[in-house]
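In: give me coordinates for this.
(2 chains)
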Amino acid sequence: MSDAAAGSVAGSVVTRSPLARSLDLLQQYGVLVAFVGLFAFNAIWQGDAFLKPENLRNLLNQNAAVGIVAVGMTLVIVAGGIDLSVGAVMALAAAVGMLAMNGLAGMVDAEGAGQFVPLLAGFASAIGVGLACGALNGGLVTLGRIPAFIATLAGLIGFRSITLALAEGGEIRADQAITAVQAIGRDGLAIPGVVNAYDKPVVFYWTILLFLVVVVLGQLTLSRTRLGRHLVAVGSNELAARYSGVPVARVKLWSYTIVGFCAALGGIASTVRMNSVSSSQLGLYAELDAIAAVVIGGTSMTGGRGRVWGTLLGVLILVMITNMLSLWQVEVYWQGFVKGVIIVLAVLIQRGRAS
Amino acid sequence: MQTASAGLAAILRLVLEIDAIGKSFPAVRALDGVSLRVAAGEVHGVIGENGAGKSTLMKILAGIERPDEGRLVLDGRPYAPRSAREATDAGVAMIHQELNLAPALSVAENIVLGREPRRWGFVRRGPMRAEARRRLAEVGAEVDADAIVGDLPVAGQQLVEIAKALSQESKVLILDEPTAVLSERETRKLFDLVRRLKEAGTAILYISHLLPEVRGLCDRISVLRDGRLVAETTPAESDTDRLASLMVGRELADVYPPRGSRPNAAPRLRVESISVPGHVEGASFEIAPGEILGLAGLVGSGRTELAEAVAGLRPSRGGGILLDGAAVRFRSPRQALDRGVAYVSEDRKGRGVFTELACIENLTLPNLAAYGRVVPDRRRERSATAEWIRTLDIRCPAPAAPMRTLSGGNQQKFAVASRLDVKPTVLLLDEPTRGVDVGAKRELYHLISTLAADGLACLVISSELPELIGLCHRIAVMRQGRLVGEVDPAAESPDETERSIMRLAAGVSEHAA
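Out: Here you go, the predicted model:
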């Protein structure tokens, strides 16, 4: 009798029923299951239309900018913060970059040579703006002790307003002399053997590659570096982190600076795809899409636990769902509703793990 | 004649009966069959060391905690409050040690909170203010009813809290260390008030560490120790020394390692007259390599703040901190750790360990740069963790298991090990055995003793006097932010030492005689 009781006590701790274990796995890798399931569903139901390299490429391309931002957002959220200003920072960085580039368009001669300097100046100034905005957010949160939600909400409103003022509410197009922007947007890596129906190679745009590189770097930062460990520690328990000698303020500042940098990259990716900067549309709601991808990917909104690869899958899941809805000719108004349901489901499924 | 018999009847009328109450927390038996009876018009003192179970008992009465066993009877009816609100409604009011006011609201709003005079759903501000002023006058508080509570000094807030309890016209009033923040004049006013309430027939439970105060005010005194009621006495029967003995009264088991002789090397750490505004006033002490210095004092006496100031966790003023003779002042815990001064917090779950992170991540965090400035070397982290698990005999399922799966004692060992990994020369331990079972306590004592024998300068802060007496070479005592004396545990018997510490900590020598 007592043996049986002892056995059941030990059993409940050490080994678990297969059902409980599979539930655990579902909670941990649910996002992977959802991704594979959605992909398989689309592949079977749409067949070649979905699996066509151009289609996959275009889906990725449309979402590379938000995806890059979502990687930065993952790091901020892991550290217990949030950045609502990323969409506005994308737009501001892109606008400043475009203005800088156009300002130097005079260096380009009739044959289009000499675009390198304006291009470099444009990219550099965009990245500078992203870093500066991120550092400003981080400074307000750490030195200013303003809650991240409020500080970056002010950024969302303020940075967008500066962008609108710079473009007088309209669009900034690349100077006619600068053809390289569009060229970069349409150039990329041709993967040998991947061809379209006319046997022409399908080029995977640089922006997609940039997105994937950012994902890999983000994941490595989070799981392999000291900074990553510090981000997790601060998000897990800020006080304990301070008591362990973690420079909490500096770590937070870094997280916002990194997401600002990612927003600038996202702005650039968006610019080369469109060859112009729309002051009112570029990056609009990017913060929400990015946060949604992070949450679906299994990163805890309270910080301390997160994964960049999950965010990548989160982006891809959102992409596929949007794609399916438009193929089903669901009115665009309903897309947001479906995304909302997905986000709630993702959180509900993953919550069991913490408790 | 008539009034005398009415008074007698009031004294005999039991208001509150506490019957064999038991309460357990994980690893701690907080209350074990405690029974108390409180009559109308009685002031009943409840004393005991930190952790004796006073707070738990009061929380049960106030509806914040629920008992596992036993029952409560209030005015002849069963009383089982499920929330603070139910307790208040039943007529039990508690004035908390940690103030329980809404700091953004006005004094008047706080006093009538939850019972605002209303008409058609709107608060009637006139009657609300009148009620507040009446109650403040009863307390003798010179506080503006329209002032914002958060702007008042702590003593003022305490008086508002008392006025609030009065306004609830309670049958039972629980006062938990009410004078800790009051000036002498305010304390006298409070005592007058308590006596008036007593005349009016309120049953009062009065909790305090200050024994002379308890003797002066209370009709009867119950002594709790280790969750049990060990004595019920009266001021006439027991002087403060006897009360202190009753509170302490424990045998020191041989759980402590043999005390090495006190090293007479030059001090490793020397603290000269440093102050932490609001907490510590001109504290000086020194610790030699190999020495274990105990720091005793009541909760709130500034022990933690003093240690945190040394470890760079709080800004300090005046004086200086000398490490091996060189002046240092750490502006961050990082600087302190880099210079070999490590602090392990009393708040294990909140500040000591990361419950959700893996053991290995917990262990290497304070010293992470040593494993790689940019990319920590996982292999070395793993081997270091395995090494510490072996050295400290830590029981954990796996180095990658989350910290929360470990017992309190093993979590504490990890908290200590993570600081030891920095290779400190000074180790400040704040309540290192709090919430830890007896076996693990013993292991921690031996660990601390071994560390000291290896040349570490150790400071041990504790509310458990036996462990300080069993472990330390010297014990410094703090009271109200000042270091008020030092006790040599080798010079007297453990009981004598404990009483000396209690006297210093509670300020008996000042108040008594």
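
In: what about stretch A:152-163, average pLDDT?
Out: On average, the pLDDT along stretch A:152-163 is 97.

In: what do you get for stretch A:211-221?
Out: 97.

In: and that stretch, what's buried?
Out: By neighbour count with 16 or more other C-beta atoms under 10 Å in any protein chain shown, stretch A:211-221 contains the buried residues A:211-212, A:214-215, A:218-219, A:221. Any C-beta I mention is one placed from the backbone N, CA and C, and that applies to glycine too.

In: output that stretch in PDB with nothing but the alpha carbons.
Out: Coordinates of each C-alpha in stretch A:211-221 appear next as PDB, following Å, rounded to 0.1, in the frame of the first residue of the first chain:
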ATOM      1  CA  PHE A 211      15.700  39.100 -43.400                       C
ATOM      2  CA  LEU A 212      17.200  35.600 -43.100                       C
ATOM      3  CA  VAL A 213      20.600  37.000 -42.100                       C
ATOM      4  CA  VAL A 214      18.900  39.100 -39.400                       C
ATOM      5  CA  VAL A 215      17.000  36.100 -38.100                       C
ATOM      6  CA  VAL A 216      20.200  34.100 -37.800                       C
ATOM      7  CA  LEU A 217      22.100  36.900 -36.100                       C
ATOM      8  CA  GLY A 218      19.200  37.600 -33.800                       C
ATOM      9  CA  GLN A 219      18.900  34.000 -32.800                       C
ATOM     10  CA  LEU A 220      22.600  33.800 -32.200                       C
ATOM     11  CA  THR A 221      22.600  37.000 -30.200                       C
END
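
In: any part of it near chain B?
Out: No. Using C-beta under 8 Å from any C-beta of the partner chain, stretch A:211-221 never reaches chain B; the gap is at least 8.6 Å.

In: and the contacts of that stretch?
Out: With contacts defined as C-beta atoms under 8 Å, 6 or more residues apart in numbering or on different chains, stretch A:211-221 is touched by A:60, A:64, A:67-68, A:71-72, A:74-75, A:227-228, A:258, A:262, A:265, A:269, A:307-309, A:311-312.

In: swap the cut-off to 7 Å and go again
Out: A:64, A:67-68, A:71, A:74-75, A:227-228, A:262, A:265, A:308-309, A:312 (C-beta atoms under 7 Å, 6 or more residues apart in numbering or on different chains).

In: just flag the most distant two among those residues.
Out: Across the contacts of stretch A:211-221, the longest distance by C-beta to C-beta is 24.3 Å; it joins A:A64 and A:L227.

In: neighbour count winner among these two?
Out: A:A64 (25 against 19; other C-beta atoms under 10 Å in any protein chain shown).

In: so how far is chain B from A:M274?
Out: Taking C-beta to the nearest C-beta, to the nearest Å as the measure, A:M274 falls 36 Å from chain B.

In: how many residues are close by that residue?
Out: A:M274: 19 neighbours (other C-beta under 10 Å).

In: how about A:G139: what's its closest non-neighbour residue?
Out: Once flanking residues are discounted, A:G139 sits nearest to A:L253: 6.8 Å by C-beta to C-beta, 6 or more residues apart in numbering or on different chains.

In: hang on, the one you found packs against A:L143?
Out: No. Taking contacts as C-beta atoms under 7 Å, A:L253 lies outside contact range of A:L143: 8.7 Å.

In: who has more neighbours, those two?
Out: A:L253 (19 against 10).

In: is B:E286 part of a helix or strand, or is it coil?
Out: Here B:E286 is recorded as strand under DSSP: H, G, I helix; E, B strand; the rest coil.

In: ranges for the strands of chain A?
Out: A:171-173, A:188-195, A:201-205, A:276-278 (DSSP state E).

In: pick the most deeply packed of these.
Out: Among the strands of chain A, strand A:276-278 has the highest mean neighbour count (mean count of other C-beta atoms under 10 Å in any protein chain shown), at a mean of 23.

In: any idea how far the most centrally placed residue in chain B is from chain A?
Out: Geometric centre of chain B, nearest residue: B:V299, 3.7 Å, by C-alpha atoms, centre = their mean. From B:V299 across to chain A, the span is 19 Å (C-beta to the nearest C-beta).

In: so that residue sits in a strand?
Out: No. Counting by three-state DSSP, B:V299 is not found in a strand; it is coil.

In: so which bits of the stretch 151-300 of chain A are right by chain B?
Out: The stretch 151-300 of chain A comes close to chain B at residues A:224-226, A:229, A:232-233, A:236-237, A:239-240, A:242-247, as judged by C-beta under 7 Å from any C-beta of the partner chain.

In: same thing but at 8 Å, please
Out: Residues of the stretch 151-300 of chain A lying near chain B (C-beta under 8 Å from any C-beta): A:224-227, A:229-230, A:232-233, A:236-237, A:239-247.

In: give the ChimeraX command for selecting the buried subset of those residues.
Out: Buried residues among those (16+ other C-beta under 10 Å), as a ChimeraX selection:
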select /A:225,226,227,229,230,232,233,236,237,240,241,242,243,244,245,246,247
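
In: check whether the top helix by length along chain A comes near chain B.
Out: Ranked by residue count under DSSP state H, the longest helix found in chain A is helix A:18-46. No. Counting by C-beta under 8 Å from any C-beta, chain B has no neighbours in helix A:18-46; the shortest distance is 13.4 Å.

In: just checking, what packs against that helix?
Out: helix A:48-51, helix A:308-327, helix A:335-351 (3 or more C-beta pairs under 8 Å, 6 or more residues apart in numbering or on different chains; DSSP states H and E).

In: does A:A263 touch A:N137 like I think?
Out: No. Contact between A:A263 and A:N137 fails when scored by C-beta atoms under 8 Å: they sit 10.2 Å apart.

In: one step back: how about CSV for the helices and strands packed on helix A:18-46, with mean neighbour count added?
Out: Formatted as CSV, those follow (neighbours: other C-beta atoms under 10 Å in any protein chain shown):
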stretch, mean neighbour count
helix A:48-51, 13
helix A:308-327, 21
helix A:335-351, 15
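
In: alright, calling it a day.
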